[in-house]
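**Student:** predicted model follows, preceded by the sequence.
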Amino acid sequence: MIPRRHLLAGLAGISALGLFAGPSLGLEVIDYTGPELESLTQSGTPYLIDFYATWCVTCAAQQRVLDALQAENAAYRAIPILRVDWDTYGNGELARNMTIPRRSTLVLMRGTTELGRLVAETGKDRIAELLDLASS
């Protein structure tokens, strides 16, 4: 039998490892600073623009759903995510040009063509429907 303190120490170590290692799903998440958009636009592949804020609970809920969907489906993992920090770029040219109303907006793009968007949506089925547009 394992002493309780050894079990707890082991569990704490596993939890800490998860915090530092993060998911190993091979997801491509790119933090927006400006120039990244051009290479995604020219790639010809679908990509998701995620307008988020670190303090936004809806954004956090969307992220949990995206993580779950990408863990379940390799096709979703292949979609790069361009994360646009709302606090930094919410009043910027990209948000204005795309008429982004608020943080927690997800926009699926191919080149310069918008395939679909969701605003403040956290439903797994709805987000999956948006990502499914990448294969159309």
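**Tutor:** Everything's here; your move.

**Student:** just to be sure, Gln63 is in a helix?
**Tutor:** Yes. Assessed with DSSP: H, G, I helix; E, B strand; the rest coil, Gln63 lies in a helix.

**Student:** can I assume it is in contact with Cys56?
**Tutor:** No. Taking C-beta atoms under 8 Å as the definition, Gln63 is not a contact partner of Cys56, at 9.7 Å. (Each C-beta comes from the backbone N, C-alpha and C, glycine too.)

**Student:** tell me which stretches of this structure form helices.
**Tutor:** Listed in chain order, the helices of the chain (DSSP state H) span 4-21, 36-43, 57-72, 74-77, 86-89, 93-97, 124-132.

**Student:** could I get those as CSV with distance to Thr113, mean neighbour count and mean pLDDT?
**Tutor:** What follows is those, written out as CSV (distance: least, C-beta to C-beta, whole Å; neighbours: other C-beta atoms under 10 Å; pLDDT from 0 to 100):
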stretch, distance to Thr113, mean neighbour count, mean pLDDT
helix 4-21, 36, 9, 43
helix 36-43, 10, 14, 92
helix 57-72, 21, 16, 96
helix 74-77, 19, 15, 94
helix 86-89, 21, 16, 96
helix 93-97, 14, 13, 96
helix 124-132, 14, 16, 97
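
**Student:** report the buried residues of stretch 117-125.
**Tutor:** Residues of stretch 117-125 classed as buried: 117-118, 121-122 (neighbour count, 16 or more other C-beta atoms under 10 Å).

**Student:** distance from the chain centre to that stretch, please.
**Tutor:** For stretch 117-125, the gap between its own C-alpha mean and the chain's C-alpha mean amounts to 12 Å (C-alpha atoms, centre = their mean, to the nearest Å).

**Student:** again with stretch 36-46
**Tutor:** 16 Å.

**Student:** give me the contacts around that stretch.
**Tutor:** 30, 47, 78-80, 82, 94, 108-112, 115, 133-134 (C-beta atoms under 8 Å, 6 or more residues apart in numbering).

**Student:** Leu69 - nearest residue in space that isn't next to it in sequence?
**Tutor:** Excluding the flanking residues, the one nearest Leu69 by C-beta to C-beta, 6 or more residues apart in numbering is Tyr76, at 5.0 Å.
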